[in-house]
Structure formats: C-alpha cells, structure tokens
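K.L.:
Model the following, please.
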Amino acid sequence: MFCPHCGKRNEEGARHCSSCGERLPELGSEAAEASGRSSLRARIGRLIGGSRRERVITAAIVIALGIAIV
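P.N.:
Numbers count the residues shown, from 1 in each chain. Below you'll find the model as predicted:
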C-alpha cells in the first residue's frame, strides 16, 4: 500500500505511514488502485505547486533548464 500523502510504500494492513506518519486509508484492492491514481495526481500537483506563484516559479525553472540545455 502506498501513502496517499507522501507516496512511500508501506506494509499491507499498516494504519500509519512509516515515513510521514499520516493515517492510511483502509481500502480494498480496487479502491487501493483508484487511490494510487489519485495519489499520483496529488504528487504531481504538489510538484507543480498549489498556488499561482508556485506554478509560475516551476514554469520559470523548466524554461531556464530548457535554455541551459540548448
């Protein structure tokens, strides 16, 4: 089972994440797969940024890296 908060893999049946301590959902196998998909979406959202300022900074970094590579 993967933590929906930080993405770390935990043992099946664990109640809390071994990395961040967040409470893990008690789900069946089908719901766990759906949670994995939303977990990926949540991780990408955190990577890009939640606020407009964070998204602008992320875009500027990506553009600067692209220019540096070229």
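
K.L.:
For the rest of this, base every contact and every neighbour count on C-alpha atoms.
P.N.:
OK.

K.L.:
can you give me how far stretch 58-69 is from the chain middle?
P.N.:
22 Å (CA atoms, centre = their mean, to the nearest Å).

K.L.:
what's the answer for stretch 40-55, then?
P.N.:
9 Å.

K.L.:
Could you pull out the buried residues of that stretch?
P.N.:
Across stretch 40-55, burial judged by 16 or more other CA atoms under 10 Å covers A42, R43, I48, R55.

K.L.:
residues contacting P25?
P.N.:
R15 (CA atoms under 8 Å, 6 or more residues apart in numbering).

K.L.:
residues contacting G49?
P.N.:
Neighbouring residues of G49 by CA under 8 Å, 6+ apart: R55, T58.

K.L.:
what about 7 Å?
P.N.:
R55 (CA atoms under 7 Å, 6 or more residues apart in numbering).

K.L.:
any idea how far it is from S39?
P.N.:
15 Å (CA to CA, to the nearest Å).

K.L.:
Next, count neighbours for R15.
P.N.:
14 (other CA atoms under 10 Å).

K.L.:
Distance-wise, check it relative to R23.
P.N.:
Applying CA to CA to R15 and R23 gives a distance of 6 Å.

K.L.:
again, but for G13
P.N.:
Taking CA to CA, one finds G13 at 12 Å from R23.

K.L.:
I'd guessed T58 sits against I48; true?
P.N.:
Yes. Between T58 and I48 there is a contact under CA atoms under 7 Å: 6.1 Å.

K.L.:
Show me the buried residues of stretch 40-55 that map onto helices.
P.N.:
A42, R43, I48, R55 (DSSP state H).

K.L.:
Next one: the second one, what pLDDT does it get?
P.N.:
This means R43. Model confidence at R43, given as pLDDT, is 80.

K.L.:
do the third one as well
P.N.:
According to the predicted model, the pLDDT of I48 comes to 84.

K.L.:
list the contacts for it?
P.N.:
Taking CA under 7 Å, 6+ apart, we find I48 in contact with R55, T58.

K.L.:
The last one now?
P.N.:
If you count contacts by CA under 7 Å, 6+ apart, R55 has them with I48, G49.

K.L.:
What separation is there between the most centrally placed residue in the chain and G66?
P.N.:
Among the residues of the chain, the one closest to the centroid is R43, at 1.9 Å (CA atoms, centre = their mean). To G66, R43 is 23 Å away according to CA to CA.
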